[in-house]
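Enquirer: Fold the following for me, if possible:
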Amino acid sequence: MPKTITETKVKKFFKKRKTDSHKGDNGIVLVIGGSTDLIGAPALAGMSTMACLRTGIDLCIIASPEKAGLIINSFALDLIVKKFKGDFFTKKHLKKINELEKKADSVLIGPGIGKEKQTNEFVKEFVQKNRKPLVIDADAIKACAGMKFNGAVLLTPHEKEFEIFSGKKLYGKNINEKIKLVKETSLKHKCIILLKGKTDIISDGKKTTLNKTGNAGMTVAGTGDSLAGLCVGFNALGLDLFQAAEAGAFVNGKIGDLLYKKMGYSYIASDFAKEVPYWIKKLLN
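Expert: Residues are numbered from 1 along each chain as shown. Sure, this is the predicted structure:
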């Protein structure tokens with residue numbers, strides 16, 4: 001059985017910020033998401049972005065279709081939202097998105113991005129051309145079904161998204177069978193997979209770890225977007241993608257546990273970003 005992630009392990013990933021650092025030295029992230037395809041899509045993109053920003057990076061830029069972007073702007077004045085014409089992303093947006101990607105240290109694609117056919121084509125082409133460490137979440141995982149990557153890619157699926165991506169069924173499997181399938185799939189597709197569940201499974205096909213923080217209240221919509229935001233933020237801070245996946249899963253689950261103690265199962269995803277600074281400070285001390 002793979003080892004379980006601990007706070008002691010995660011603390012070792014983080015380095016204290018240099019006192020003479022300058023703007024941009026501590027991470028720039030590009031988040032690509034949002035659409036008007038479904039109600040709440042802008043909120044999902046906004047929650048991932050807020051969680052990312054709270055990791056302590058210097059800058060988080062979100063690229064979003066214009067109507068969704070206006071809503072995302074309302075989440076916080078700290079967000080820089082680049083708005084693109086239309087209700088959803090298409091290939092016509094690729095050139096400008098690729099220009100933004102060049103300025104970022106790490107990229108997240110998928111929160112609230114929708115399932116339009118043209119958007120799926122946009123996602124696939126962007127992923128193929130992207131040269132930065134990349135976190136793929138939500139509907140972007142489905143758009144990339146069956147793809148092979150270059151290794152610098154982290155997928156954060158729940159079980160259904162994993163099945164769509166890999167073509168392998170997880171329903172009814174025990175934990176050992178799930179570990180085996182995640183390991184095989186990550187090796188085959190040359191990526192890291194963070195399978196979300198009661199026990200999170202993280203594998204790159206060679207090494208595998210488990211995360212057991214979190215609780216049943218985290219089935220509420222949006223907690224996975226918070227996780228993706230933490231992962232991309234931690235990567236931009238200097239953790240490699242595997243470490244970022246481990247730290248993201250651990251911290252997201254710990255926040256869920258803290259919120260459960262405060263509120264029972266009445267907490268919601270927008271509560272998560274407020275608790276991120278506490279855990280960042282704890283991990284740096």
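
Enquirer: From here on, just use CA atoms for contacts and neighbour counts.
Expert: OK.

Enquirer: tell me the SS of the spatially closest residue to V81 that is not a sequence neighbour?
Expert: Spatial nearest neighbour of V81, excluding adjacent residues (Cα to Cα, 6 or more residues apart in numbering): I62 at 4.8 Å. Here I62 is recorded as strand under DSSP: H, G, I helix; E, B strand; the rest coil.

Enquirer: I62: what's it in contact with?
Expert: Neighbour list for I62: L30, V31, I32, G33, T49, L79, I80, V81, K82 [criterion: Cα atoms under 8 Å, 6 or more residues apart in numbering].

Enquirer: Beta-bridge partners for the first one, please?
Expert: According to DSSP bridges, I61, V107 are recorded as the beta-bridge partners of L30.

Enquirer: I'd assumed K102 was in contact with it.
Expert: No - using Cα atoms under 8 Å, L30 is not in contact with K102; the gap is 9.5 Å.

Enquirer: follow-up on the earlier one: just curious, which of the contacts of I62 is nearest to E163?
Expert: G33 (22.1 Å; Cα to Cα).

Enquirer: tally of neighbours for the residue nearest to that closest one when sequence neighbours are not counted?
Expert: Once flanking residues are discounted, G33 sits nearest to I113: 4.5 Å by Cα to Cα, 6+ apart. Burial measure for I113: 30 neighbouring residues, criterion other Cα atoms under 10 Å.

Enquirer: State whether I113 is indeed within a helix.
Expert: No - assignment of I113 by three-state DSSP gives coil, placing it outside any helix.

Enquirer: Spatially central residue in this structure, please.
Expert: Centroid-nearest residue in the chain: A228, 1.6 Å away (criterion: Cα atoms, centre = their mean).

Enquirer: How about the secondary structure of it?
Expert: helix.

Enquirer: measure it to N211 for me?
Expert: Applying Cα to Cα, to the nearest Å, the value for A228 to N211 is 15 Å.

Enquirer: N73 too?
Expert: The value you get for N73 to N211, if Cα to Cα is used, is 33 Å.

Enquirer: Those two - which one has more neighbours?
Expert: N211 (26 against 18).

Enquirer: Could you measure from that one over to W279?
Expert: 16 Å.

Enquirer: Same question for F122.
Expert: From F122 to W279 the distance is 35 Å (Cα to Cα).

Enquirer: more neighbours, the two?
Expert: Between F122 and W279, F122 has the larger neighbour count (other Cα under 10 Å), namely 20 against 15.

Enquirer: can you pull the contacts of that one?
Expert: So F122 contacts F89, T90, K91, H93, L94 (Cα under 8 Å, 6+ apart).

Enquirer: Which of the three states applies to the residue nearest to L239 when sequence neighbours are not counted?
Expert: The shortest distance from L239 to any non-neighbouring residue, by Cα to Cα, 6+ apart, is to F13 (6.5 Å). Assigned by three-state DSSP, the conformation of F13 is coil.

Enquirer: Give me the pLDDT for K96.
Expert: On pLDDT, K96 comes in at 97.

Enquirer: Tell me which helix or strand it sits in.
Expert: helix 94-103 (DSSP states H and E).

Enquirer: what sits up against that helix?
Expert: Here helix 94-103 makes contact (Cα under 8 Å, 6+ apart) with I28, L30, A63, V107, F122, F126, N130, K132.

Enquirer: can you pull out the strands in the protein?
Expert: For the chain, the strands defined by DSSP state E cover 28-32, 59-65, 80-84, 106-109, 134-136, 153-155, 192-195, 200-203, 208-211.

Enquirer: Throw those into TSV and include mean pLDDT and distance to L170, thanks.
Expert: Converted to TSV, the strands of the chain look like this (pLDDT from 0 to 100; distance: least, Cα to Cα, whole Å):
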stretch	mean pLDDT	distance to L170
strand 28-32	96	28
strand 59-65	94	33
strand 80-84	94	37
strand 106-109	97	24
strand 134-136	98	20
strand 153-155	98	16
strand 192-195	98	11
strand 200-203	98	12
strand 208-211	98	17
